[in-house]
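Sequence and predicted structure below; questions after.
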Amino acid sequence: MTWDRAPSGANAEWLARSRVAVFHPCTQMKVHETLPIVPIARGEGAWLVDFEGRRYLDALSSWWVNLFGHANPRINAAIADQLATLEHVMLAGFTHRPVVELSERLAALAPAGLGHAFYGSDGASATEIALKMSFHAWANRGKPGKRGFVSVAGGYHGETLGALAVTDVPLFRRTYEPLLARHATVPSPDARLAREGETPRDAAERAAQALEAHLAAHHETIAALIVEPIVQGATGMAMYDPHYLVRARELCTRFAVHLIADEIMTGFGRTGSMFACEQAGVAPDFLLLSKGLTGGYLPLACVLSTDEVYASFYDDDVARGFLHSHSYTGSALACRAALAVLDIFRDDGVIAANRARAARFTERAGALSTHSRVRDFRHRGMIWAFEAESTRADFALWFFAEALAREVLLRPIGRTVYFMPPYVTTDEDWGLLVDATLAILDRA
Ligand SMILES: Cc1ncc(COP(=O)(O)O)c(C=O)c1O
């Protein structure tokens, strides 16, 4: 696998130094003997620019975090203002204005009843917090035997050992299997699994019945069910009918099992509503947020929980408290970035504007949805995905390189090609993205 344009000048220098000094994430470093790392000098809206002035459309929102573009002047201004005031203070025993305001505003935006905000850094830390908090809440209520977790086939909740134990993506999991706690996996409601004559809702109901059978048999030992609402991202953008969430909520309540909604990817408008849970009209016991929370600026995660969960820790006994922490818990700078993001949502009517934008984008992608090499073209909110038919063993890397050569940043998951653009992507940008993808598919 080679890239048609060999890096030169400052690009070549930065990539050579990076290969030596930086251990890049989610990467077999040897691949970069032939496939160049892309050095980025600056960002501007939906575009990234390298050291030689070559541009790349960030069609993945930089691993799904960027909502309002790179170097967004409004988020920049908020962070700069916060920088001159307070960058960070430990959150045990102290508090500050951005963390209080953010907690209040997230609770007001989230499904009802999620009034207690606990902070972490990346998405995986939110998963860890929710798993520990769920187990500990049950233990504090006299049910220490509830220590198992149930996750959905193909689910992804992060790479740390606790999060990986409830993740079902073999590529990330297989090597570390001996280190992982054993938890149960139930069938996915993925609409593509609908059998002959079944609707997506039927497929969701069938998966819900499997969940019901599992919880009926094992609820005494289960603390929580963890789900990615509406779209299972990392497994390959599996989309499903909200009916599954309605049933999951009902079953979790019936069997006294916490419902953890991992909206780390789906939150903040990605699936078309502020939170994906809204589409099912359900409120989980834990809502996990990260990624878009700071608009892709700073690492921050938030676990919102219910009064009931919170009350189970409130006690004279210190050990019955939730003694979990990270040094940067509730970073003032990150919280201020998140407040700027919420201001943009409010002031610009982003959810409604995205609805119109997504309708235009889907129409413009018509030629893709009918392309002979495209299977299961699907769309939800600001996510589009399809399976590409190709016999290339190196399809994902090949596609990535082909896309870069056309000024587009795309990284298929296996043969799943997907678009998850920032909400500032213009119709012109989108047209370029669709045309580049069509051109690549013609060569696949
Ligand atoms: C649904 C979901 N949960 C958790 C995570 C983990 O987040 P992070 O990579 O920030 O640890 C991700 C990341 O892609 C995700 O998509």
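It's in.

Closest approach to the ligand from the chain, which residue is it?
residue 123 (2.1 Å; CB to the nearest ligand atom). To be clear about C-beta, it is placed using only N, CA and C from the backbone, and glycine gets the same treatment.

Residue 114 - nearest residue in space that isn't next to it in sequence?
Excluding its sequence neighbours, the residue lying closest to residue 114 (CB to CB, 6 or more residues apart in numbering) is residue 304, at 3.9 Å.

And for residue 371?
Excluding the flanking residues, the one nearest residue 371 by CB to CB, 6+ apart is residue 441, at 5.7 Å.

in the strand or helix carrying the one you found, what's buried?
Secondary structure from DSSP states H and E places residue 441 in helix 427-443. For helix 427-443, burial by neighbour count (16 or more other CB atoms under 10 Å) applies to 429-430, 432-434, 436-437, 440-441.

And for stretch 291-311?
Quick answer for stretch 291-311 (16+ other CB under 10 Å): 291-306, 309.

Equivalent analysis for stretch 187-204, please.
Going by neighbour count (16+ other CB under 10 Å), the buried part of stretch 187-204 is 187-191, 193-194, 200-201, 203-204.

End to end on it, go ahead and measure it.
From its first residue to its last, stretch 187-204 covers 10 Å (CA to CA, to the nearest Å).

How about that stretch and the ligand, any contact?
No - figure legend: stretch 187-204 not in contact with the ligand (CB under 6 Å from any ligand atom); closest approach 13.6 Å.

Now do the SS call for the residue most central in space within the chain.
Nearest to the mean C-alpha position of the chain, counting by CA atoms, centre = their mean, stands residue 265 at 2.0 Å. Taken by DSSP: H, G, I helix; E, B strand; the rest coil, the conformation at residue 265 corresponds to coil.

Just give me the neighbour total for the residue lying closest to it once chain neighbours are set aside.
Of all residues not flanking residue 265 in the chain, residue 233 sits nearest, at 4.4 Å (CB to CB, 6+ apart). Residue 233 is flanked by 23 other residues according to other CB atoms under 10 Å.

Residue 394 now?
13.

The helix or strand harbouring the residue nearest to residue 114 and the ligand, any residue contact?
Secondary structure assigned from DSSP H and E places residue 304 in strand 301-305. No - using CB under 6 Å from any ligand atom, strand 301-305 stays clear of the ligand, coming no nearer than 7.1 Å.

which ones are touching residue 420?
For residue 420, the contact set (CB atoms under 8 Å, 6 or more residues apart in numbering) comprises 59-61, 64, 270, 382-384.

right, I mislabeled it, should have said residue 115
Per CB under 8 Å, 6+ apart, neighbours of residue 115: 107, 304, 306-307, 310.

Any chance of TSV for those, columns pLDDT?
Output for those, formatted as TSV (pLDDT from 0 to 100):
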residue	pLDDT
107	98
304	98
306	98
307	98
310	98
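
pretty sure the residue of the chain closest to the ligand contacts residue 299?
No - contact status for residue 123 versus residue 299: not in contact, 9.2 Å apart, counting by CB atoms under 8 Å.

what sits in contact with each of those two?
residue 290.

Around the ligand, which positions in this structure sit nearby?
122-124, 127, 156-158, 228, 233-234, 262, 264-265, 290.

can you list these in CSV and add secondary structure?
Formatted as CSV, the residues of the chain next to the ligand follow (three-state DSSP):
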residue, secondary structure
122, coil
123, helix
124, helix
127, helix
156, coil
157, coil
158, coil
228, coil
233, coil
234, coil
262, strand
264, coil
265, coil
290, coil
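
Out of these, which two are the most distant from each other?
Farthest apart among the residues of the chain next to the ligand by CB to CB are 122 and 228. That separation is 16.0 Å.

Neighbour count: those two, which is higher?
residue 228 (26 against 20).

What pLDDT does the model give the more buried one?
pLDDT, residue 228: 98.

can you list the residues of the chain next to the ligand in a markdown table and add distance to residue 425?
Below are the residues of the chain next to the ligand laid out as a markdown table (distance: CB to CB, whole Å):
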| residue | distance to residue 425 |
| --- | --- |
| 122 | 25 |
| 123 | 23 |
| 124 | 27 |
| 127 | 29 |
| 156 | 24 |
| 157 | 27 |
| 158 | 27 |
| 228 | 23 |
| 233 | 18 |
| 234 | 22 |
| 262 | 25 |
| 264 | 21 |
| 265 | 17 |
| 290 | 22 |
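
Which stretches in the stretch 1-150 of the chain count as helices?
Remark: helices assigned in the stretch 1-150 of the chain by DSSP state H, counting those that start in this stretch are 9-21, 61-64, 73-83, 97-109, 123-140.

Distance check, the residue nearest to residue 221 when sequence neighbours are not counted against residue 293.
Leaving aside its chain neighbours, residue 221 sits nearest to residue 148 (4.9 Å; criterion: CB to CB, 6+ apart). Residue 148 sits 29 Å away from residue 293, taking CB to CB, to the nearest Å as the criterion.

Check residue 238 too.
23 Å.

Please apply the same query to residue 427.
Using CB to CB, residue 427 is found at 27 Å from residue 293.

Can you give me every residue that contacts residue 426?
By CB under 8 Å, 6+ apart, residue 426 lies in contact with residue 46.

right, and the secondary structure at residue 326 would be what?
Three-state call for residue 326 (three-state DSSP): coil.

Show me the strands in the stretch 301-444 of the chain, by range?
For the stretch 301-444 of the chain, the strands defined by DSSP state E, counting those that start in this stretch cover 301-305, 374-380, 383-388, 408-409, 416-419.
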